[in-house]
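# Mind looking at a prediction? Sequence and model below.
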Amino acid sequence: MDFGDGGEVYRRLLNLVVRHMDERHPDDMYLLHEKHDITGILDKIAEEKAEAREKTEPPGIEETPRGKGSFLERSKARLARVFKK
């Protein structure tokens with residue numbers, strides 16, 4: 001469907017859907033990634049999370065952003081954060 005806006009509606013809705021999936025259903029992100037190029041949106045989310053983390057967490061605690069690295073790497077990062085607290 002073409003709204004005559006050069007794809008702006010599609011980009012905005014895709015951004016909202018990706019952010020919702022990232023929050024509520026991160027393990028199912030591959031479903032979106034199969035049919036849509038969401039790499040840019042995931043990178044932006046990772047940057048925003050890193051900025052927020054810098055403001056709230058003490059230095060030295062790192063997290064592997066979703067979509068970056070394997071499930072095993074993300075799990076290890078999460079466990080490391082839990083045991084550092």
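That came through fine.

# then the helix or strand that contains residue 49 to CSV, C-alphas only?
Element membership for residue 49 (DSSP states H and E) is helix 39-56. The C-alpha trace of helix 39-56 is given here as CSV (Å, rounded to 0.1, in the frame of the first residue of the first chain):
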residue,chain,number,x,y,z
THR,A,39,19.6,-3.6,11.7
GLY,A,40,19.6,0.2,11.8
ILE,A,41,16.7,0.2,14.4
LEU,A,42,18.5,-2.4,16.5
ASP,A,43,21.7,-0.3,16.4
LYS,A,44,19.8,2.8,17.5
ILE,A,45,18.2,0.9,20.4
ALA,A,46,21.6,-0.4,21.5
GLU,A,47,23.0,3.1,21.4
GLU,A,48,20.1,4.4,23.5
LYS,A,49,20.5,1.6,26.0
ALA,A,50,24.2,2.3,26.2
GLU,A,51,23.7,6.0,26.9
ALA,A,52,21.0,5.2,29.6
ARG,A,53,23.3,2.6,31.1
GLU,A,54,26.2,5.1,31.3
LYS,A,55,24.0,7.4,33.3
THR,A,56,22.7,4.8,35.7
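
# Which strands or helices does it pack on?
helix 8-24 (3 or more C-beta pairs under 8 Å, 6 or more residues apart in numbering; DSSP states H and E). Glycine gets a C-beta too; all of them are placed from N, C-alpha and C.

# Give me the contacts around the helix it packs on.
Residues from elsewhere that reach helix 8-24 (C-beta atoms under 8 Å, 6 or more residues apart in numbering): 3, 28, 29, 32, 36, 38, 41, 42, 45, 66.

# Let me see the mean pLDDT of the helix holding residue 49.
On average, the pLDDT along helix 39-56 is 89.

# What of stretch 76-83?
78.

# and residue 7, how far is that from residue 81?
Relative to residue 81, residue 7 is positioned 38 Å away (C-beta to C-beta, to the nearest Å).

# Could you export the helix or strand following the helix holding residue 49 as CSV, CA atoms only?
Downstream of helix 39-56, the first helix or strand assigned by DSSP H and E is helix 71-84. Coordinates of each C-alpha in helix 71-84 appear next as CSV, following Å, rounded to 0.1, in the frame of the first residue of the first chain:
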residue,chain,number,x,y,z
PHE,A,71,22.4,-16.1,22.8
LEU,A,72,25.2,-17.7,24.9
GLU,A,73,27.2,-14.4,24.9
ARG,A,74,24.2,-12.4,26.0
SER,A,75,23.4,-15.0,28.7
LYS,A,76,27.0,-14.8,30.0
ALA,A,77,26.8,-11.0,30.2
ARG,A,78,23.5,-11.1,32.1
LEU,A,79,24.9,-13.6,34.6
ALA,A,80,28.0,-11.5,35.1
ARG,A,81,25.8,-8.5,35.9
VAL,A,82,23.7,-10.5,38.4
PHE,A,83,26.7,-11.7,40.2
LYS,A,84,28.4,-8.3,40.3
